[in-house]
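In: Fold the following and give me the result.
(4 chains)
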4 protein chains.
Amino acid sequence: MNSSITGKLDEEKVFKDPVHRYIHVRDELIWELIGTREFQRLRRIRQLGTTYITFHGAEHSRFNHSLGVYEITRRILDVFKGRPQWDDQDRLLTLAAALLHDIGHGPFSHAFEKIYGTDHEEWTRKIILGDTEVNSILKRVHPAFPQEVSEVIEKTHPNKLITSIISSQIDADRMDYLLRDAYYTGVSYGQFDIERILRVMRPMEEQVVIKQSGMHAVEDYIMSRYQMYWQVYFHPVSRSAEVIINQILKRVKALFKQGYAFKQEPRHFFSFFDEKVSLEDYLRLDESITLYYFQVWQEEDDRILRDLCVRFLNRKLFKYVEFHPNQWMKDWATLERRFREIGLDPDYYLIVDSSSDLPYDFYRPGEEEERLPIHLLLPNGKMKELSRESDVVEAISGKKRTDHKLYYPLDLLEDDSEHQEAKKEILHILHS
Amino acid sequence: MNSSITGKLDEEKVFKDPVHRYIHVRDELIWELIGTREFQRLRRIRQLGTTYITFHGAEHSRFNHSLGVYEITRRILDVFKGRPQWDDQDRLLTLAAALLHDIGHGPFSHAFEKIYGTDHEEWTRKIILGDTEVNSILKRVHPAFPQEVSEVIEKTHPNKLITSIISSQIDADRMDYLLRDAYYTGVSYGQFDIERILRVMRPMEEQVVIKQSGMHAVEDYIMSRYQMYWQVYFHPVSRSAEVIINQILKRVKALFKQGYAFKQEPRHFFSFFDEKVSLEDYLRLDESITLYYFQVWQEEDDRILRDLCVRFLNRKLFKYVEFHPNQWMKDWATLERRFREIGLDPDYYLIVDSSSDLPYDFYRPGEEEERLPIHLLLPNGKMKELSRESDVVEAISGKKRTDHKLYYPLDLLEDDSEHQEAKKEILHILHS
Amino acid sequence: MNSSITGKLDEEKVFKDPVHRYIHVRDELIWELIGTREFQRLRRIRQLGTTYITFHGAEHSRFNHSLGVYEITRRILDVFKGRPQWDDQDRLLTLAAALLHDIGHGPFSHAFEKIYGTDHEEWTRKIILGDTEVNSILKRVHPAFPQEVSEVIEKTHPNKLITSIISSQIDADRMDYLLRDAYYTGVSYGQFDIERILRVMRPMEEQVVIKQSGMHAVEDYIMSRYQMYWQVYFHPVSRSAEVIINQILKRVKALFKQGYAFKQEPRHFFSFFDEKVSLEDYLRLDESITLYYFQVWQEEDDRILRDLCVRFLNRKLFKYVEFHPNQWMKDWATLERRFREIGLDPDYYLIVDSSSDLPYDFYRPGEEEERLPIHLLLPNGKMKELSRESDVVEAISGKKRTDHKLYYPLDLLEDDSEHQEAKKEILHILHS
Amino acid sequence: MNSSITGKLDEEKVFKDPVHRYIHVRDELIWELIGTREFQRLRRIRQLGTTYITFHGAEHSRFNHSLGVYEITRRILDVFKGRPQWDDQDRLLTLAAALLHDIGHGPFSHAFEKIYGTDHEEWTRKIILGDTEVNSILKRVHPAFPQEVSEVIEKTHPNKLITSIISSQIDADRMDYLLRDAYYTGVSYGQFDIERILRVMRPMEEQVVIKQSGMHAVEDYIMSRYQMYWQVYFHPVSRSAEVIINQILKRVKALFKQGYAFKQEPRHFFSFFDEKVSLEDYLRLDESITLYYFQVWQEEDDRILRDLCVRFLNRKLFKYVEFHPNQWMKDWATLERRFREIGLDPDYYLIVDSSSDLPYDFYRPGEEEERLPIHLLLPNGKMKELSRESDVVEAISGKKRTDHKLYYPLDLLEDDSEHQEAKKEILHILHS
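Out: Take a look at the predicted model:
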């Protein structure tokens, strides 16, 4: 073990943070990881994708959030210190995993994953284990350390307790993003009493549990999550912007496959189109690069690509109506036909988006492949799953309220200079 | 006059804003201006340039701030409504000027202005008067309206009262940015009681004045400004990042002038190098475009350009020491010689930066070309300049505390694999 | 109608308020009502009774809260202004009722009501209609105005809309006390987005309703209420202090009835013991008077009265255990016997307290004698009761979770200098 | 040394505090001190005397503040722990002194001190050293411990460092009251970054000093103090209420000395009138007792006493004008004569009050008998007094801005039913 990399800094480093007031770094390892190019790259990737289109304050980056998750974890470990179930040897492993848990995210992750099949969790692993500055620092702790960090993040590490600090139903990740996203959007919903929750957390062999006396604080946290999902994360206007990004990425790939001659070659995207992305290519991609291309594509000859890019950059979004799959069966063919008639390709201009595609988990105990549910620690030492004790949590847990919306360019349909009849029928179907 | 453009919206539009809680838009004109591509472009330009490098929360855009200035102005006008000195006919003019006052800003404005001679105030005028969406909307109010808006922003409009709402020592612009920058950085210094200040503002023929009973609230605001300048805006680490951007822009221009063959042509910059920038070129430039080039330049052959871009993107900044021009005279030649000896061009690696280059104005009454000072309205109807009544304001007003720092790449100087003696002397000079 | 009393103040009066920032008074009537001795008396009555014993910050008075309810009502009426269902003639009536709705409260109302049969709602009516400064001011509006104000507060006024602003499931009263009590206790639970709620309120013929788009904000408000009840209002330690006050009031009355010779005659209480309280006597009673007597009674000869007063003033409270009425049947007689054996009168030292005695109503639609439930206004103009639309509200509505606790003086039982066996059995029963 | 009293609690006790979020008690000694009757008595004494008359939110007690001072001290000691200048053996002494520093305050301390010559600092010593619960607990640490605690509070203890934590220009006392009074009044002025200040505090042999890098945070703290003094503590309306209390106390003593027959004997005041107050008498007096008498005195025969009590309780305060001692010389005799003419005793109805009587010390370095000034610790290890480094602090330090006001009953002077001419002349003098 290299003593300096696991040692303390001569002087604590402090970051001013609007959510946690200050973020404290005392470990050489953490300080060096923050300085890597892979971690600094997170400054160029927004935390909430297209949400800033609706909530203009939400322009904060994943760098922000990653520091926050680290800080909450640090505070949790301060509470755990000295308790028999907690081995302080695991401290650096836990902190490193907290800091790096989102390192594999790219710009507009959800859209890229959907269209190009990338997977940010896979990239997290590759960044931690591959030829990167992050990896070379982690290896200085000991050669197997990168593997351990990766396993904690992937939830395959044998130490379930550590894993549960980073990812469970009440982990440092969620606690930070709720508080942070609420702060930057300005909504009041994401508030909960994190100090109290930290104080009632207890390490157990398999996971972090919550003293029963803290149940109401946890209820409040679950409710914050529920409210943030419906008020912020699933907001239909942000989803419209995301729908447009999906179409841009889809269109540009289709053009590439057709051998279309781009005015400026989208070389940063080539390996994405072929789904053979190298680590270096992946790391190169950030929001600036993506927005650069969206901007130059505004001048492309392809009408669809050009239009979609103009729409995204200048916020000329698609409008939406509620979409009920069963009811619309019969009209769908008509809609598609009419869209083609008026010169709009329905593959790009008539898009159904479902909230069930989104990471909907304000609380689901016991589902398959799910994050660990929350357990309360009763005074008698036994444990009880939260939703069995709380009416409120029970009420919202596991109810998958899918919400389908149909997105389309209302502006083009309202322009009545031509195709009046077709447009009239389209609008009639959409708005009835 | 086109009635619809000056009319009210059917339903008020509301933006959630973390600083002012909500931003209320009731006028068709304002709503349409917000939707223009020139205004949406402000989403891609950060409010505080490189400050986010030091205060990671400060990632907010000029879009954010522009809406905030509009909102404060709206509230001021609500207070003024019905007072004899205020003609509500001027409402839309004032609101439009408030919203658009920063429309001419580009990415890292200060650096571009310094190196390429652009001037954001000039570009504001060109965007308002030129062939833009903003202009075409403003013209719909009446043909001379764009000119009027521009004059208010340039402080040449005959109505001094309106001008003073947008730019004076206590205007909507400053009030928004202090509150907003404090919120996003997380520092507590920028707080002041804006509700009270709004309530003690009174319209007078030549400017907005403050009822004497509100003096302490205004003192508090001036102190916030003073603290924000020293704690946030002049922070030496953010200035280091800006120093590096300056060098990048300088280097890339020098290479271009030398006929250097770029791997990828920096076509977005061509007209900047020649200082013949068209409106379209100017509008194309935003932070994404700039950061795209910084990233591709990391792979250029030119060692200096490559190194500077790596430094900026990965936060390998220059360190600094206090610089006292007089004391350093004799050592300067040695430093430059030694830098050359070890292969570092002092033009790019030994940089003096002065805070006096920055917009230092936490309060200066009565200087030439200055924003209007603050006047208190005494109970007897007379007026008195603030610093004559307030000891605190008097203490800080007009004292230009210039602060010079010398920036240099400490990491390269500490690497003792070669040129040991030269580096030793350099460090000796710098740190003595 | 007396024009001056219904007119506007020459200059708006402003109160600094930590919850609403500022409270604005523009009406002569409101200003004069605030100045009455009956209203000023509310400064000497704490809003939350004994809660300050547990949450030391909760020392705020009913004066505080009454101004807050007035202010929220004022803001609601600003939103309603100009809507067809709202007649602005009713403004002063609504504001006066809001301001005065709690004027009949006395010190530790709940305890006095329980022991002496007073009823703060009845006293509200008497203060408004009787020979008081409040009444004489209200009469200046017009002779029937006091009666109207009283009817609005009593929910018997024909204008259901006005009534619902002051008392329904989402009225100005509840909104203020949740925000205010959360602020002063320092808990985070009472937060909700009141600005948004005010914006989605709509006047209808029979009541205020909420636009459906505001449902999540209302859910959040209901959850705040639920959390405040369990975390703050029902806190078992505050209830212990209240149990002791109940016993003091009970004891002093019993002594009086027995002809006990008080060292200092409790003349402020005489008419309460006889349940023939005059308006003047009622108004004289405030928390200072009550605490004065508690203090002098610390020096009384009666051991029980003395002990109870010492306990309250010096926070030597009773401890508690959960009490399950059915299970305890058989042990109750033993407990009482054993208490007597060791010299403790179980009537004063063995007390069952039930939360169901408390104003438990975080949300109950449609129960008898209940405040009006919340209705959502759907886009199609129809209405729907909230709990039918919201899973969360449905989960907590109407579930009367009664919580019984048994309070007793643990300190006396642990003192093992005498009666060891009896005390051992008592503790065995209590703690098993 | 008694091990249990100096030991740790089995489980940490936590108080919810709106200013510091939570107050943490881990020491048996502190827990027991909080439980004493002398400390619980502070719940019945408001922190800010009559300020709640102007800022209705300021109803918080000295109990509140004392816990806050303890908590800040605890946090300071956490920062000091492990530093060579700090001996952790002194921890309990410092914490106890912090908690008890205000234990000698009585109701409306300033008025009682002025009229009856009591001195809260003397009473603090008597409570700590006399026959009290506090004393008996402190003695259990060791017999000289009460003496040590008292010396720290009186600034006579040989350990200057400990003393400076509790009382200097930047001590735990001031930091708590600024934050707390700002919170409860709702003004924004009292905010400063206490976390940063705590982090830059360093123990030195003679006092706590501040690292130079924290200078701006300290400037901000000094400015908060300055603003709080002018905006809150010296508010002329609160001073009017205090003027009235002074007159009540003065009148009741005069009546007593004249042998006036009170309807109810003011036995709680007897020893105050004679200035021979016993410890037990002093402890008995709290705000309830005082307000009880004010209330019963509303029914006394003496017109002056009755009127003053009605004024205080029902907020019929005196109005004020600026008073310039020199200018008023010639008119003073006329005023007094005219007051007597219209039946008002000028000794009670024509009162000059000076802010210089108030504890005016927002920053005065180096004055006699003054709290220690603030020293900055320079990077070279030397120290520098703050006002020599900070323009802002220099501007406000030492300037004793005395503010005299003349208080009088405007309502009686405006009643023109009789003595028209005399009243006219009085008003003419007062308002010219």
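In: Now do stretch A:348-358, average pLDDT.
Out: Averaged over stretch A:348-358, pLDDT sits at 82.
In: should've said stretch A:40-47
Out: On average, stretch A:40-47 scores 97.
In: got the end-to-end distance for that stretch?
Out: 14 Å (C-alpha to C-alpha, to the nearest Å).
In: what comes into contact with that stretch?
Out: A:34, A:52, A:58-66, A:102-103, A:105-107, A:177, A:180-181, A:184, A:283, A:286-288, B:52, B:56, B:59, B:291, B:313-315 (C-beta atoms under 8 Å, 6 or more residues apart in numbering or on different chains). C-beta here means a position set from N, CA and C on the backbone, and glycine is covered the same way.
In: from these, which ones fall inside helices?
Out: A:34, A:62-66, A:177, A:180-181, A:184, A:283, A:287-288, B:291, B:313 (DSSP state H).
In: By neighbour count, which of those residues wins?
Out: Within the ones in helices among the contacts of stretch A:40-47, neighbour counts (other C-beta atoms under 10 Å in any protein chain shown) peak at residue A:184, which reaches 30 neighbours.
In: contacting residues around the longest strand along chain A?
Out: Counting residues, the longest strand found in chain A (DSSP state E) is strand A:8-17. Contact with strand A:8-17 is made by A:22-28, A:31, A:64, A:67-68, A:71, B:55-57, B:185-187, D:199, as judged by C-beta under 8 Å, 6+ apart.
In: can you tell me the average pLDDT over that strand?
Out: Averaging pLDDT along strand A:8-17 yields 94.
In: Tell me the gap between the helix or strand of chain A with the lowest mean pLDDT and the middle of its chain.
Out: The least trusted helix or strand in chain A, going by mean pLDDT, DSSP states H and E, turns out to be helix A:391-396, with a mean of 80. Mean C-alpha position of helix A:391-396 versus that of the full chain (C-alpha atoms, centre = their mean, to the nearest Å) differs by 25 Å.
In: before we move on, what about stretch A:275-285?
Out: 19 Å.
In: quick one on the thing from earlier: now the contacts of strand A:8-17: which count as buried?
Out: For those, a neighbour count by 16 or more other C-beta atoms under 10 Å in any protein chain shown gives the buried set as A:23-25, A:27-28, A:64, A:67-68, A:71, B:55-57, B:185-187, D:199.
In: Which ones among those map onto strands?
Out: A:23-25, A:27.
In: Nearest spatial neighbour of the residue in chain A that chain C sits nearest to, chain-adjacent residues omitted?
Out: Closest residue of chain A to chain C, C-beta to the nearest C-beta: residue A:395 (3.1 Å). Leaving aside its sequence neighbours, residue A:395 sits nearest to residue C:395 (C-beta to C-beta, 6 or more residues apart in numbering or on different chains; 3.1 Å).
In: Now do the contacts for that neighbour.
Out: A:391-392, A:394-396.
In: same check, this time on residue A:277
Out: A:116, A:118, A:271.
In: Closest one to chain D out of the residues you listed, please.
Out: Looking across the contacts of residue A:277 and measuring by C-beta to the nearest C-beta, the closest to chain D is residue A:118, at 40.5 Å.
In: what sits against the closest one?
Out: A:106, A:109, A:112, A:272, A:277, A:282.
In: what about 6 Å?
Out: Residue A:118 sits next to residue A:112 when contact means C-beta atoms under 6 Å, 6 or more residues apart in numbering or on different chains.
In: hey, which helix is longest across chain A?
Out: helix A:236-257.
In: distance between the ends of stretch A:263-281?
Out: From its first residue to its last, stretch A:263-281 covers 21 Å (C-alpha to C-alpha).
In: follow-up on the earlier one: so which of the contacts of residue A:277 belong to helices?
Out: Taking DSSP H, the ones among the contacts of residue A:277 that sit in helices are A:116, A:271.
In: Within range of chain C, give me the residues from the stretch 51-200 of chain A.
Out: Listed as neighbours of chain C in the stretch 51-200 of chain A under the rule C-beta under 6 Å from any C-beta of the partner chain: A:188, A:191, A:193.
In: between the residues you listed, which has the most around it?
Out: residue A:193 (23 neighbours).
In: State the next helix or strand along the chain beyond the least confident helix or strand of chain A.
Out: Going down the chain from helix A:391-396, the next helix or strand is strand A:404-408, by DSSP states H and E.
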